[in-house]
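In: Fold the following and give me the result.
(chains A, B, C and D)
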2 protein chains.
Amino acid sequence: MPTPSRTSLDAITAAGGDILDTRGLPGLTMQAVAQAVGVKPPSLYKHVADRDALVGLVADAAATDLATHLARRGGVAGLAGRGELAGLARSLRAWATAHPERFRLVFSGHGSPEVAAAAGAPLLKAARDLVGPADKLSAARLLTAWATGFISMELAGAFQLGGNVDAAFEYGIGRLTAALHEG
Amino acid sequence: MPTPSRTSLDAITAAGGDILDTRGLPGLTMQAVAQAVGVKPPSLYKHVADRDALVGLVADAAATDLATHLARRGGVAGLAGRGELAGLARSLRAWATAHPERFRLVFSGHGSPEVAAAAGAPLLKAARDLVGPADKLSAARLLTAWATGFISMELAGAFQLGGNVDAAFEYGIGRLTAALHEG
DNA sequence: ACCTGAACACCGTTCAAGT
DNA sequence: ACCTGAACACCGTTCAAGT
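Out: Here you go, the predicted structure:
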């Protein structure tokens, strides 16, 4: 007699995201997720291959959330060129500050490359407006690498030497957008 | 009757580094390290508080290794200003490529902030030569954030969109050093 | 067709007992 | 003073048995 699923991939993914936020990646265990969706751990294997696959699902969901966050911000501002890139960088940092564990997971390589690439689309578009199609990929990578590196170091507590971290972020935005604008 | 230690912190740290290289951070277990130094797992707790502390030791050893690698390269080249920063960035990437797991660990926040800061000293010096003392901290952070972000994405396989990754790295060096030089 | 209990291998950690 | 065996809690995963 076929029994309807007592849980679902969506429920599992959502519960995984909540657990990631509150207990970090080490706390994202099969047991914790199973309990959150009201099922015993072995049942999860009917929906997911193993823990790695579950972590990948949570990573992809976070990347998609980030993508819509970036796309919305870009649309609202409607600025072209230099200001658009700056806005995207600030928007990325704001999202990372609100969801530090999700940010770390998105850029850790646990998700699918396709989903991660989709999240970078707004950046690619803004980069093309600034430097033209020939250099847009390199320019987008320059800004993405800097922003994710800066935010990762900030989240890891690597900015112990003092100084204003907000100011350092704005300094980077200013120098980078100026450097790209000239090219 | 006092018994001389059958192992040591140095041996434990060195074995931890080897295991990290070959089996990654998940493979860096108390059991694996104990076996490598010829001891049973409970004995490690006479030398180390817990696994987190052991991981921290390995991270600090890696950061120190990176620091000497960067300092040596800087000394050999002997270039001032713009070329020095570019050389340091390439040197960082070369070290990361040779020891990807150690690189990831160094910038993951598991080590002590003091040791990590010491590794950044050559960069701080090169930045001061280029932009002056007022902006040296922001400038060093700009280059460090970009380089670590770029390399992290490269190691995570985030550069799926094609294009020449080496060329993108050189593009970043060129734009960044130019932007800092003008300031 | 999905869920469960029981089981196994593995891991971190504690502690009393050895030398 | 350091090392060990035994033990405990926890985790991922498999599988036969339930409904």
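
In: When you work out contacts or count neighbours from here on, use the C-alpha atoms and nothing else.
Out: Noted.

In: give me every residue that touches A:Lys125.
Out: With contact set as C-alpha atoms under 8 Å, 6 or more residues apart in numbering or on different chains, A:Lys125 has no partners.

In: do the same with A:Leu9
Out: Contacts of A:Leu9 (C-alpha under 8 Å, 6+ apart): A:47-48.

In: ditto for A:Glu170
Out: So A:Glu170 contacts nothing (C-alpha under 8 Å, 6+ apart).

In: how big is the angle separating whichever strand or helix holds it from helix B:165-182?
Out: Secondary structure assignment for A:Glu170, by DSSP states H and E: helix A:165-182. Helix A:165-182 runs at 110 degrees relative to helix B:165-182, counting by axes from the mean of the first three to the mean of the last three C-alpha atoms, to 10 degrees.

In: what pLDDT, on average, does helix A:165-182 get?
Out: Per-residue pLDDT over helix A:165-182 has a mean of 92.

In: Please identify the buried residues of it?
Out: A:165, A:168-169, A:171-173, A:175-177, A:179-180 (16 or more other C-alpha atoms under 10 Å in any protein chain shown).

In: how close does A:Thr22 sit to DNA strand C?
Out: According to C-alpha to the nearest atom of the strand, to the nearest Å, A:Thr22 stands 20 Å off from DNA strand C.

In: Against A:Ala11, how distant is that residue?
Out: The spacing between A:Thr22 and A:Ala11, counted by C-alpha to C-alpha, to the nearest Å, is 17 Å.

In: again, but for A:Val106
Out: 19 Å.

In: Looking at the two, which has the bigger crowd around it?
Out: The residue with more neighbours, out of A:Val106 and A:Ala11, is A:Val106; 24 against 13, by other C-alpha atoms under 10 Å in any protein chain shown.

In: who in chain A is up against chain B?
Out: For chain A, the residues in contact with chain B (C-alpha under 8 Å from any C-alpha of the partner chain) are A:107-109, A:113, A:116-117, A:137-139, A:141-150, A:153, A:156-158, A:160-161, A:163, A:168, A:171-172, A:175-176, A:178-180.

In: Just the buried subset of those, please.
Out: A:107-109, A:113, A:116-117, A:137-139, A:141-150, A:153, A:156, A:158, A:168, A:171-172, A:175-176, A:179-180.

In: tell me which residues of stretch A:29-38 are tucked away?
Out: A:29-30, A:32-34, A:36-37.

In: A:Arg6: which element?
Out: Applying DSSP H and E, one finds A:Arg6 in no helix or strand.

In: Show the backbone phi and psi for the closest residue to it other than its chain neighbours.
Out: Distances taken as C-alpha to C-alpha, 6 or more residues apart in numbering or on different chains put A:Val39 closest to A:Arg6, at 7.8 Å, once the chain neighbours are dropped. The phi and psi torsions at A:Val39 (degrees, to the nearest 10) take the values phi -150, psi 160.

In: Need the buried residues of stretch A:29-38 in TSV (columns: pLDDT).
Out: Output for these, formatted as TSV (pLDDT from 0 to 100):
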residue	pLDDT
A:Thr29	98
A:Met30	98
A:Ala32	98
A:Val33	98
A:Ala34	98
A:Ala36	98
A:Val37	98
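
In: restrict those to contacts with DNA strand D.
Out: Filtering the buried residues of stretch A:29-38 for proximity to DNA strand D by C-alpha under 7 Å from any atom of the strand leaves A:29-30, A:32.

In: picking up where we left off before, will you turn the buried residues of stretch A:29-38 into a markdown table that also has distance to A:Thr97?
Out: Shown next, in a markdown table, are these (distance: C-alpha to C-alpha, whole Å):
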| residue | distance to A:Thr97 |
| --- | --- |
| A:Thr29 | 24 |
| A:Met30 | 26 |
| A:Ala32 | 25 |
| A:Val33 | 24 |
| A:Ala34 | 28 |
| A:Ala36 | 25 |
| A:Val37 | 27 |
